[in-house]
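**Student:** pasting the sequence and the predicted coordinates here, then a few questions.
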Amino acid sequence: MTYEQAQEQETTANEALGDNTDTVKYGIFAFWPFNWVKNWDIVMYPTKYDTEFGNADDSVKLAFQRVSAQTSYNIASGSSYDEWVTLFDTLTASDEELNNYLNG
């Protein structure tokens, strides 16, 4: 999607989270699919990393996406956003790039 479409999707997703944006929120990241044309998407990440996400380069934002996807795939159905953040932090240790960025 375009950057403008990603901005709209980010706004809609964060509005849908409501008060939960104190715990998690969505941000925009860039990626390059098989045709190497730059695309944009959104990723959910812990709000406590808002500054770090905002300051991250494209590679680190992809690392946020990797860990976010793993977290969402591995979280138990019905879990809270706080539990999601706890699992995100646990899985961050397995992602060298994100772990070094956040904890290095």
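**Tutor:** Happy to help now that I have it.
**Student:** for the rest of this, base every contact and every neighbour count on C-alpha atoms.
**Tutor:** OK.
**Student:** grab the longest helix from the chain for me.
**Tutor:** helix 58-74 (DSSP state H).
**Student:** state the pLDDT value of the most far-flung residue of the chain relative to its centre.
**Tutor:** In terms of distance from the mean C-alpha position of the chain, residue 35 ranks first, at 23.2 Å (Cα atoms, centre = their mean). With respect to pLDDT, residue 35 scores 88.
**Student:** quick check: it is in a helix.
**Tutor:** No. Counting by DSSP: H, G, I helix; E, B strand; the rest coil, residue 35 falls outside a helix, being coil.
**Student:** can you pull the contacts of it?
**Tutor:** By Cα atoms under 8 Å, 6 or more residues apart in numbering, the contact list for residue 35 is empty.
**Student:** start at 52, not 1
**Tutor:** With 52 as the first residue, the last one maps to residue 86.
**Student:** need phi/psi at it.
**Tutor:** Here is the backbone geometry of residue 86 (degrees, to the nearest 10): phi -90, psi 0.
**Student:** how many neighbours does residue 144 have?
**Tutor:** Counted by other Cα atoms under 10 Å, the residues lying close to residue 144 total 15.
**Student:** quick check: which element contains the residue nearest to it when sequence neighbours are not counted?
**Tutor:** Excluding its sequence neighbours, the residue lying closest to residue 144 (Cα to Cα, 6 or more residues apart in numbering) is residue 150, at 5.4 Å. Assigned by DSSP states H and E, residue 150 belongs to helix 147-154.
**Student:** how far is that helix from where the chain is centred?
**Tutor:** A distance of 14 Å separates the C-alpha centroid of helix 147-154 from that of its chain, computed with Cα atoms, centre = their mean, to the nearest Å.
**Student:** that helix to helix 109-125, inter-axis angle?
**Tutor:** Using axes from the mean of the first three to the mean of the last three Cα atoms, to 10 degrees, the direction of helix 147-154 lies 100 degrees away from that of helix 109-125.
**Student:** for helix 147-154, what is the average pLDDT?
**Tutor:** Mean pLDDT, computed over helix 147-154, is 97.
**Student:** so what secondary structure elements neighbour it?
**Tutor:** Here helix 147-154 touches helix 109-125, going by 3 or more Cα pairs under 8 Å, 6 or more residues apart in numbering; DSSP states H and E.
**Student:** alright, calling it a day.
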